[in-house]
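K.L.:
sequence and computational prediction follow.
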Protein chains: 2
Amino acid sequence: MTTSSQIRLAAYPVGEPGDDAYESVTVELPELEEGQVLLRTIYLSLDPYMRSRMSTAKSYAAPVAIGDVMVGATVSEVVESRAPERAVGDVVLADAGWQSYAVVDGRRTRRIDPAAAPVSTALGVLGMPGFTAYAGMRVIGRPKPGETVVVAAATGPVGSAVGQIAKIDGARAVGIAGGAEKRRVLLEQLGFDAAVDHRSSTFVDDLAEATPDGIDVYFENVGGHVTEAVLDRLNRFARVPVCGLAAWYNATSVPEGPDRFPGFMRRILTKSLTVRGFIQDEFAPTHHAPFFEDMPRWLREGKIRYQEDVVEGLENAPAALRGLLNGAFTGKLLIQVGDLPPTLG
Amino acid sequence: MTTSSQIRLAAYPVGEPGDDAYESVTVELPELEEGQVLLRTIYLSLDPYMRSRMSTAKSYAAPVAIGDVMVGATVSEVVESRAPERAVGDVVLADAGWQSYAVVDGRRTRRIDPAAAPVSTALGVLGMPGFTAYAGMRVIGRPKPGETVVVAAATGPVGSAVGQIAKIDGARAVGIAGGAEKRRVLLEQLGFDAAVDHRSSTFVDDLAEATPDGIDVYFENVGGHVTEAVLDRLNRFARVPVCGLAAWYNATSVPEGPDRFPGFMRRILTKSLTVRGFIQDEFAPTHHAPFFEDMPRWLREGKIRYQEDVVEGLENAPAALRGLLNGAFTGKLLIQVGDLPPTLG
């Protein structure tokens, strides 16, 4: 009999999700049925979308039910298997959620090749965030050589890939992030052409200086005051892929006026803008294949780099999610729930 | 020597453009230079975009300068020609503006074939409004059979073509217009599947009833309270071509809150919407050829019908433009400035 430490949703939080939004429990897992595997969680991915799932507001996915284990993608080790396609010792990508062990359908896991790259990348640059950047740029952003691409949360797993794909495409990459240290990472480690601190009092002017030819692609993954500043600099025919609005996820009320909606529509009209929301899985059928060809090659060639922030211990996930929504982390945020297998450690 | 009656812009109006925004003058036109033609205006087209040109707010086109003749497309007769490509008696499409006679470069005119359709259609269903509908639907809206297409100002030259193209594409066409008479026109004369009166106190409920399966394409040409009601009913992956925002053109200040911009972005994200502004000439290089093949054929086959409202006399253009922005007209608004040539009358 295996026990699992779980973090469940206790209540739909209002505003920032405090500790009282969660409850920690330890449960005994059932015996495996035919087709199932027992997984030991190594890494749990924390991502901004999780805040949306802790709400009954209409969205593209159903909310987590009160009392359910919090959702999340994991890199896990198969410790027991009744699924023909998975062997004990396999490292897999799964949706095991916020828990130390999980029983899942073997077909709902994907084997990770530990020889190709660190297994944690399956949650970042080689996983959902990396694919979000790739698909959003290939299908919607489509920068031409010499154009200017702007992305916020630019040191994060989506933003860092967006900027580096822009460079691969011959465009100018401008990253927006909070604080001097993130600016340094953008310029020195991730190869952005310019970096702007959105917390600076001179942010709007700094953005103008960093985008002398305007903005042709704004990859929207934050919302808030960054979006407002960017909109003023969009060129005619600019494209705005919208994959996230983290700055607004904690919002508790309809914001006060003035009402900027008519002005936004007018800008869409007069600038012939394309604004397109997307969830990455929409493009999986058409773009997974080229992604899994391009991205590992770019990693090997050093054209794409990535940063990870690893927080130890499942019990620290609630505080880490708050930090994620507040911009406290630089790279891809992972919770180390269990050790790597000795062969990979 | 030919004299021309002109209406010029006298001042940039605030809000609705009153008579004092214009001045009427009579001028003597210069002798023709090589390559020029002298045109006699038959029809002047009035279109909502004209309000935008009477403003220094940033837009896709420069404002009309104070003292300049108001801009506008015309159907005109060539009464004198020093252009090899144009003969006296030709009926042409030109940008002659709000005046009874004009001297223009012959190459900036297009000959109209009076045998193909009434020459007035060059300003409507076979002209810029018809092409706006056609290109917006072919490039952005792209309705699939069985989908629901909604358009406002639906009896007008753009809206009526949008709805009828939707029907040709096998989609369900729902028109929004103001008043019972326009509803009747939509249902009885233009073949819409449903029609909703946006002036009714039950508008929001009526729209819901008319779109039981939600909305897949919202062809945006009005803005205002219609847009707000439509947004709530957009389906996942809905497309919103934005070609006009007439309801907001007279706006004199930033509207009061709440600020609906964040909610709109969130809807774009969670519904994977495509919102795309456009000006029809962007698509002329790729879509003029199929338009001038499809649309005349559809007219001949009775698949596309159109309505015209003809106001007599150039001096009535200012009041007519106000009426246009207030929804006072049903069909394509034309000012009859001069008589048709006897052969066409």
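P.N.:
Arrived safely.
K.L.:
could I get the pLDDT score of residue A:343?
P.N.:
Looking at residue A:343, its pLDDT is 85.
K.L.:
cool, and residue A:89?
P.N.:
With respect to pLDDT, residue A:89 scores 96.
K.L.:
and it, how far from residue B:61?
P.N.:
Residue A:89 sits 66 Å away from residue B:61, going by C-beta to C-beta, to the nearest Å. Using the backbone N, CA and C atoms, a C-beta is placed for each residue, glycine as well.
K.L.:
tell me where the stretch 151-300 of chain A is predicted with low confidence.
P.N.:
Applying pLDDT under 70 to the stretch 151-300 of chain A flags residues A:249-252.
K.L.:
show me which residues of it are close to chain B?
P.N.:
Residues of the stretch 151-300 of chain A found near chain B (C-beta under 8 Å from any C-beta of the partner chain) are A:220, A:223, A:227, A:236, A:242-245, A:248, A:251, A:254-279, A:282.
K.L.:
ok, now with 6 Å
P.N.:
Along the stretch 151-300 of chain A, the residues adjacent to chain B under the rule C-beta under 6 Å from any C-beta of the partner chain are A:242, A:245, A:248, A:254-262, A:264-266, A:268-270, A:272-278.
K.L.:
same question for the stretch 1-150 of chain A.
P.N.:
The stretch 1-150 of chain A comes close to chain B at residues A:59, A:60, as judged by C-beta under 6 Å from any C-beta.
K.L.:
can you classify whichever residue of the stretch 201-345 of chain A sits closest to chain B by secondary structure?
P.N.:
Nearest residue of the stretch 201-345 of chain A to chain B, counting by C-beta to the nearest C-beta: residue A:257, 1.7 Å away. Under DSSP: H, G, I helix; E, B strand; the rest coil, the three-state class of residue A:257 is coil.
K.L.:
kindly report the same for residue A:187.
P.N.:
Three-state assignment for residue A:187 (three-state DSSP): helix.
K.L.:
go through chain A and flag its longest helix.
P.N.:
What stands out as the longest helix in chain A, according to DSSP state H, is helix A:284-301.
K.L.:
outline the domain layout of chain A.
P.N.:
For chain A, automatic domain parsing gives the domain ranges A:3-120+A:307-336, A:128-301.
K.L.:
mean neighbour count, those domains: which tops it?
P.N.:
Most buried of the domains of chain A, by mean neighbour count (mean count of other C-beta atoms under 10 Å in any protein chain shown): domain A:128-301, with a mean of 20.
K.L.:
what are the ranges of the helices in the stretch 1-150 of chain A?
P.N.:
Listed in chain order, the helices of the stretch 1-150 of chain A (DSSP state H, counting those that start in this stretch) span residues A:49-53, A:128-135.
K.L.:
reformat those as a markdown table; add distance to residue A:22 and mean pLDDT.
P.N.:
Shown next, in a markdown table, are these (distance: least, C-beta to C-beta, whole Å; pLDDT from 0 to 100):
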| stretch | distance to residue A:22 | mean pLDDT |
| --- | --- | --- |
| helix A:49-53 | 12 | 91 |
| helix A:128-135 | 23 | 97 |
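K.L.:
list the contacts for residue A:37?
P.N.:
A:78, A:81, A:83, A:86, A:106 (C-beta atoms under 6 Å, 6 or more residues apart in numbering or on different chains).
K.L.:
so for the closest residue to the fourth one other than its chain neighbours, what's the pLDDT?
P.N.:
The shortest distance from residue A:86 to any residue that is not its chain neighbour, by C-beta to C-beta, 6 or more residues apart in numbering or on different chains, is 4.5 Å, and that residue is residue A:106. Taken from the predicted model, the pLDDT recorded for residue A:106 is 97.
K.L.:
contacts only, for residue A:338.
P.N.:
Counted by C-beta under 6 Å, 6+ apart, residue A:338 has contacts A:40, A:41, A:42.
K.L.:
mind listing what the last one touches?
P.N.:
In this case it means residue A:42. Going by C-beta under 6 Å, 6+ apart, residue A:42 touches A:75, A:338, A:340.
K.L.:
switch to 10 Å and redo it
P.N.:
A:74-77, A:91-92, A:119-120, A:123, A:334-341, A:344 (C-beta atoms under 10 Å, 6 or more residues apart in numbering or on different chains).
K.L.:
ok, the first one next?
P.N.:
With contact set as C-beta under 10 Å, 6+ apart, residue A:40 has these partners: A:2, A:4, A:74, A:76-80, A:96, A:100-102, A:337-339, A:341.
K.L.:
those residues in strands, which ones?
P.N.:
Cross-referencing the contacts of residue A:40 against strands under DSSP state E gives A:4, A:74, A:76, A:77, A:78, A:79, A:80, A:101, A:102.
K.L.:
great, nothing more from me.
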